[in-house]
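> attaching a predicted model along with its sequence, questions to come.
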Amino acid sequence: MNRSQLFEQIKKKKSYLCVGLDTDLQKIPKHLLSAADPVFEFNKQIIDATHKYTVAYKPNIAFYEALGPKGWESLQKTLEYIPKDIFTIADAKRGDIGNTSSLYARAFFEQMNFDSITVAPYMGEDSVKPFLDFKNKWVILLAHTSNPGSSDFQLFESNGRKLYEEVIRKSQQWSTPDQLMYVVGATQAEKMQSIRALAPDHFFLVPGIGAQGGDLEMVSKFGMNDHCGLLVNSARAIIYASAEKDFSKRASEEAAKVQQSMEIYLHAFT
Ligand SMILES: O=c1ccn([C@@H]2O[C@H](COP(=O)(O)O)[C@@H](O)[C@H]2O)c(=O)[nH]1
């Protein structure tokens, strides 16, 4: 999916919600555990319940690889079940020396056909480039993350620039806003305006609303650009809204609530 197709979906659905499919066998409703593939069964019902409010799904790969081969199978089935007009993100946070990165890229773009993957910038250009060699796919580079430890290294300052600012500045030499996005945590909302100034045209993947307490209004007010430019992720607050038989209905209600707020913030486009 290219940038204008993504923006069209945002306008059509009046939403820039990305639902995180962080499916944990310890948290899903007990009655699903007897299914042949409980992870897929849960994801299927969550997708059915939320897809009309959602422009992207982001399975965090850790939840699947922790289950071994069966987890990879559940992930593949989930990916195939996601409607084709919805953007898919492999939240894998990969990145290694070039020839290894190119195999990560093949795994997620060829074997699994994700639209995008999250990549750690720490090893530099040659670790990111192999992902960018896939022309119709996206790289989502970690810039300023949502977790408390994001201040340990990302705020390190040299030559008047913080490390995350340098990641955004330097990486713009490697690709364009048609193929590169940045992860900016919703918990960094007070910096959203200055981060947007560094990358006016790029999409930001913004995790951290819901369970992590990030502020959707602030993110939207200071993060939006002229083609929305935001994919705001929520996982636990939506998919685990209930652990009972009504889980998909409750997930649908939570996704609808977020979408309704987004519709207001998107008023300039609709
Ligand atoms: O900075 C980051 C980068 C990635 N994540 C991931 O997003 C989801 C958030 O889940 P919630 O349940 O909505 O908190 C999860 O997969 C994280 O690994 C992030 O939170 N922050």
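It's in.
> hey, let's count contacts and neighbours off CA atoms from now on
OK.
> for the ligand, what's the nearest residue on the chain?
When scored by CA to the nearest ligand atom, the chain has Thr145 as its residue closest to the ligand, at 3.2 Å.
> ok, now which ones touch that residue?
Thr145 makes contact with 183-185, 188 under the criterion CA atoms under 8 Å, 6 or more residues apart in numbering.
> one more: Asn2?
With CA under 8 Å, 6+ apart as the criterion, the residues that contact Asn2 are 136, 178.
> that one and Tyr164, how far apart?
Taking CA to CA, to the nearest Å as the measure, Asn2 and Tyr164 are separated by 25 Å.
> for Glu166, see how far away the most far-flung residue of the chain relative to its centre is.
In terms of distance from the mean C-alpha position of the chain, Asn159 ranks first, at 30.9 Å (CA atoms, centre = their mean). For Asn159, the distance to Glu166 equals 10 Å [CA to CA].
> so where's this protein uncertain?
270 (pLDDT under 70).
> and the helices in the protein, which stretches?
If DSSP state H is used as the criterion, the helices of the chain fall at 3-13, 38-50, 62-65, 69-81, 98-105, 125-132, 150-153, 163-171, 192-198, 216-223, 236-239, 247-265.
> how about the residues of the chain near the ligand?
Applying CA under 6 Å from any ligand atom, we find that the chain lies next to the ligand at 22, 60, 145-147, 185, 207-208, 210-212, 234-236.
> quick one, which of these are buried?
When neighbours are counted using 16 or more other CA atoms under 10 Å, those contain these buried positions: 22, 60, 145-146, 185, 207-208, 210, 212, 234-236.
> which one of those residues sits closest to Glu263?
Distance to Glu263 across these (CA to CA) is lowest for Ser234, with 16.2 Å.
> correct me, but the closest one touches Gly208?
Yes - contact status for Ser234 versus Gly208: in contact at 6.8 Å, counting by CA atoms under 8 Å.
> between the contacts of Thr145, which has the most around it?
Val184 (29 neighbours; other CA atoms under 10 Å).
> tell me which residues of stretch 6-26 are tucked away?
Applying a neighbour-count criterion of 16+ other CA under 10 Å, the buried positions in stretch 6-26 are 6-7, 9-11, 13-24.
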